[in-house]
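Chemist: Provided below for reference: sequence and predicted model.
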Amino acid sequence: ACLAQRKSRLIWFWLAAVAATVWFFATEEPRATVEVWMAEHGVQLSKFSNQEAFEVTDVVLVPPSQGTSMIRAVLRNKTDRRFRVVRVIFDLVDENGKRVDSVAKYLSAIEPGESRAFETSTHGAGFTDLRVRETTGW
């Protein structure tokens, strides 16, 4: 009976770990705080800004479908370094150029010289255009 309880606990532990991992990588909000969490726990990673390492091109705002617009773009790693995570932040702006919201997209495992198409949804309203505010990789 004791062995069965241990197996049961181990199975529940692994199921919870898998569920938490899937949730973490399937949503953008928790990942938005990764940098803060790493800083609080003393984790220091090399960080590169957009001017040094990345180029975002072919940015297209796809009109709303069922209330959600999509941003499609291509990210290019201009370096000879592999990045585990790259964060692209878009500012959503109104007709006067004022930022009304922002959207972050996280891409994983970007190889040296790689170009990767991606898309992300926008949940805000009241914007007419967008611009890339920041692209950062670790």
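Modeler: Arrived safely, thanks for sending. Numbering: from 1, shown residues only.
Chemist: quick one, strands of this structure?
Modeler: 54-65, 68-77, 83-93, 99-110, 115-122, 129-137 (DSSP state E).
Chemist: Please render these as JSON lines that adds mean neighbour count to the earlier fields.
Modeler: In short, each C-beta sits where N, CA and C put it, glycine included. Output for the strands of the chain, formatted as JSON lines (neighbours: other CB atoms under 10 Å):
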{"stretch": "strand 54-65", "mean neighbour count": "13"}
{"stretch": "strand 68-77", "mean neighbour count": "17"}
{"stretch": "strand 83-93", "mean neighbour count": "20"}
{"stretch": "strand 99-110", "mean neighbour count": "16"}
{"stretch": "strand 115-122", "mean neighbour count": "14"}
{"stretch": "strand 129-137", "mean neighbour count": "17"}
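Chemist: nearest to W12, of those strands?
Modeler: Set against W12 and scored by CB to CB, the strands of the chain come closest in strand 99-110, at 27.6 Å.
Chemist: relative orientation of the closest one and strand 83-93 in degrees?
Modeler: 160 degrees (axes from the mean of the first three to the mean of the last three CA atoms, to 10 degrees).
Chemist: now strand 99-110, how far from the chain's geometric center?
Modeler: Centroid separation for strand 99-110 versus its chain: 5 Å, with CA atoms, centre = their mean, to the nearest Å.
Chemist: In PDB, list the C-alpha atoms belonging to it.
Modeler: Taking C-alpha atoms only, strand 99-110 is exported to PDB below (Å, rounded to 0.1, in the frame of the first residue of the first chain):
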ATOM      1  CA  ARG A  99       0.400  54.400 -27.500                       C
ATOM      2  CA  VAL A 100      -2.900  52.800 -26.400                       C
ATOM      3  CA  ASP A 101      -1.600  49.300 -25.600                       C
ATOM      4  CA  SER A 102       1.300  47.000 -26.200                       C
ATOM      5  CA  VAL A 103       1.700  43.300 -27.100                       C
ATOM      6  CA  ALA A 104       4.700  41.000 -26.300                       C
ATOM      7  CA  LYS A 105       5.600  37.900 -28.300                       C
ATOM      8  CA  TYR A 106       8.100  35.400 -27.100                       C
ATOM      9  CA  LEU A 107      10.000  33.200 -29.500                       C
ATOM     10  CA  SER A 108      12.300  30.300 -28.400                       C
ATOM     11  CA  ALA A 109      15.500  28.800 -29.800                       C
ATOM     12  CA  ILE A 110      16.500  31.300 -32.400                       C
END
